[in-house]
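**Q** sharing a sequence plus its predicted fold:
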Amino acid sequence: MRSLYSTRRTWLHAVPAWIKLAALSAGGTVLMLTGALGPLAVAAASVLALFLSLGPAGWRQWRMLRGLLIACTLIAGFHWLAGDPAVGVISALRIMAASMLALMLTITTRFDDLLTVLETILSPLRRFGVPVQRIALGIGLTLRFAENFYAQWQRLDDAHRARTGRGGGLRLLAPLAIRALQTAERVADALAARLGG
């Protein structure tokens, strides 16, 4: 599967995966619990500064950030039309900041490292007979499929833009669905071979 992980080293690559995952969890919790516009704006600006500090590894994801900005603008606009613009801005800032934190984790953390952290977190459940390895693998694959889905869309959009000079838009849904199903089938075959069916 295609991945958003960047082989271009940044300062965040050197931080252990468990620290990054803990920071993401804590940061997301703080963002959800903060309801004041001022502190949220400061938090969003701080996250943006951290993201920009990744250099080219982060800047390469400008198209994803552009799509995220459009989505947040639509959310804010909807709340503005509903007569509650403050709620719209707060919601947009939360989504933007949390998404950038998650993207930073994805860009700078290998899948195997993340899987190891998830297995460690879930390891106490082994004493109750819970299949920890399979659950961790399922969570990890969910995260990988999400980023692979975007990477496939980006690749299709680039190819369409090269041919026509315009973005693919909704025309890409059919080929994207086909590629997603093909990827799922390949992963299923690989898992069946690895886990013995």
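**A** Now that the structure is in, tell me what you want to look at.

**Q** phi, psi of residue 61?
**A** Main-chain torsions, residue 61, degrees, to the nearest 10: phi -100, psi 20.

**Q** er, residue 159 I mean
**A** Main-chain dihedrals, residue 159, degrees, to the nearest 10: phi -70, psi -40.

**Q** how many residues are close by it?
**A** Here the number of neighbours of residue 159 (other Cβ atoms under 10 Å) works out to 13. In this view, the C-beta of every residue, glycine as well, is placed from N, C-alpha and C.

**Q** likewise for the one 3 residues further on?
**A** Other residues lying near residue 162 total 8 when counted by other Cβ under 10 Å.

**Q** helix or strand: which one has it?
**A** Residue 162 belongs to helix 132-164 when elements are defined using DSSP states H and E.

**Q** which element follows that helix toward the C-terminus?
**A** From helix 132-164, the next helix or strand downstream (DSSP H and E) is helix 173-195.

**Q** how near is residue 108 to residue 44?
**A** 20 Å (Cβ to Cβ, to the nearest Å).

**Q** likewise for residue 71?
**A** 15 Å.

**Q** any idea which helix or strand carries residue 45?
**A** For residue 45, the element it lies in under DSSP H and E is helix 37-52.
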